[in-house]
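K.L.:
Please work out how this folds:
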Amino acid sequence: MKKNTFARFVGALLNGMARVAPGPTGWLTFFLFGMPKRRKPKHKEADFLAKANLHYEQIGANRIAVYRWGNSGPVALLAHGWESNAGRWRKVATGLLRAGFQVVAVDAPAHGRSSGRHFTMIRYAGVLQAVLRNIGPVDVLIGHSVGGAACVWAMGQTDPALRPKRAVILAAFASIQYIMDNARHLIGASDALMKAVDDHIEHIYGMRIAAYSLAETARNLGEVQSLIIHDRGDRVTHFVEGEKLHAAWPGAQFWATEGFGHGLTAPEVVEAVLAFAQDAEHYSNVTLR
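P.N.:
As a prediction, the model looks like this:
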């Protein structure tokens, strides 16, 4: 059975269940939406991770893998995206180390070497908040995709004195509603099913889906110098999501790339991230707008 056909089949089952037992179905759907595949690092990524000082921190319900390279200089904290791991930062981290930074990266809950089977952006943001407190001060925070969104939410929930000076946000979305809408489309979820999920999220986190806006959070992060990078052809997170973050974030710089996709691992992107991390005030790129 093809992936989309299977997703629609599961959606039809959940739609039927939501009419009979919305509470348990909301919990089940929420759990299914947050189950990533745990992918092994690529060869070069694994070699790079092996050179780190690895330790584990108990943060909430998860045992989080925290990698550290270097022991002097300003600190850079890196947050990977969905179904990825800290090894994805090999090129960026290497450049930061050469520039004199200490580099800290985490495996998100239910990713890499960290524990858990279930992932949410809010839980990930809680991990980043804890790491910001534990290793601060952090000079620059860099996040990709849902890791970028978690960075924004974490900064919004963190004491301004503990926020990083700079942030680079790559291919992130501007609200959790965007992710839920995508999931709804994938499985063909009914209004009743989505309401059940929304009710469950409010029950465990205290707010409904619509309240989790990264764009609104960004409005209060004007003291954090930021660079937002998003590719016009991103097939995972629509380009307009990056535009929304840029429009909301006071003083943010925005680079609309072409042909680099969702991963944004091209050498040009790595160079831009490194340049901004080192000197945000004087950073310039002819393609920024």
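K.L.:
care to break the chain down by domain?
P.N.:
Domain assignment for the chain, taken from automatic domain parsing, gives 1-33+176-211, 39-175+213-278.
K.L.:
worst average pLDDT in those?
P.N.:
Lowest mean pLDDT within the domains of the chain: domain 1-33+176-211, a mean of 94.
K.L.:
Kindly reformat the domains of the chain as JSON lines containing mean neighbour count.
P.N.:
The C-beta positions use only the backbone N, C-alpha and C, and glycine is treated the same way. Formatted as JSON lines, the domains of the chain follow (neighbours: other Cβ atoms under 10 Å):
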{"stretch": "domain 1-33+176-211", "mean neighbour count": "16"}
{"stretch": "domain 39-175+213-278", "mean neighbour count": "20"}
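K.L.:
show me where this structure has strands.
P.N.:
53-59, 62-69, 75-79, 102-106, 140-144, 166-170, 225-231, 253-257 (DSSP state E).
K.L.:
Rebuild the ones you listed as TSV, extending it with distance to residue 90.
P.N.:
Shown next, in TSV, are the strands of the chain (distance: least, Cβ to Cβ, whole Å):
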stretch	distance to residue 90
strand 53-59	15
strand 62-69	11
strand 75-79	10
strand 102-106	10
strand 140-144	13
strand 166-170	15
strand 225-231	18
strand 253-257	20
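K.L.:
Please name whichever of those strands is nearest to residue 112.
P.N.:
Among these, strand 62-69 comes nearest to residue 112, with 5.8 Å by Cβ to Cβ.
K.L.:
quick one: contacts of that closest one?
P.N.:
Residues from elsewhere that reach strand 62-69, judged by Cβ atoms under 8 Å, 6 or more residues apart in numbering: 49, 51-58, 86, 93, 97, 102-107, 109-110, 112-116, 123, 127, 131.
K.L.:
Among the strands of the chain, single out whichever gets nearest to residue 29.
P.N.:
Residue 29 lies closest to strand 62-69 among these, at 21.6 Å (Cβ to Cβ).
K.L.:
Tell me which strands the closest one pairs with, and in which orientation.
P.N.:
strand 53-59 (antiparallel), strand 102-106 (antiparallel) (DSSP bridges).
K.L.:
quick one: contacts for residue 227?
P.N.:
166-169, 252-255, 272-273, 276, 280, 283.
K.L.:
swap the cut-off to 10 Å and go again
P.N.:
140, 142, 166-170, 246, 252-255, 272-273, 275-277, 280, 283, 285, 288 (Cβ atoms under 10 Å, 6 or more residues apart in numbering).
K.L.:
and if you look at residue 214?
P.N.:
121, 125, 148-153, 156, 169, 172-176, 178, 241, 244-245, 248-249.
K.L.:
Which of those fall in helices?
P.N.:
121, 125, 148-153, 156, 176, 178, 241, 244-245, 248 (DSSP state H).
K.L.:
Hmm, residue 31 is touching residue 116, no?
P.N.:
No: between residue 31 and residue 116 there is no contact under Cβ atoms under 10 Å: 11.8 Å.
K.L.:
sorry, back to before: could you say which one of the strands paired with strand 62-69 comes nearest to residue 224?
P.N.:
Of all the strands paired with strand 62-69, strand 102-106 sits nearest to residue 224, with 17.5 Å by Cβ to Cβ.
K.L.:
quick one, that closest one and strand 75-79 angle?
P.N.:
20 degrees (axes from the mean of the first three to the mean of the last three Cα atoms, to 10 degrees).
K.L.:
chain center to strand 102-106: distance?
P.N.:
15 Å (Cα atoms, centre = their mean, to the nearest Å).
K.L.:
For the closest residue to residue 58 other than its chain neighbours, list each beta-bridge partner.
P.N.:
If the residues on either side of it in the chain are set aside, residue 58 comes closest to residue 64, at 7.6 Å by Cβ to Cβ, 6 or more residues apart in numbering. With DSSP bridges as the criterion, residue 64 is bridged to residue 57.
K.L.:
Likewise for residue 53?
P.N.:
residue 68.
K.L.:
Would you agree it is in contact with residue 105?
P.N.:
No: the pair residue 53 / residue 105 is not scored as a contact, 11.3 Å apart, by Cβ under 10 Å.
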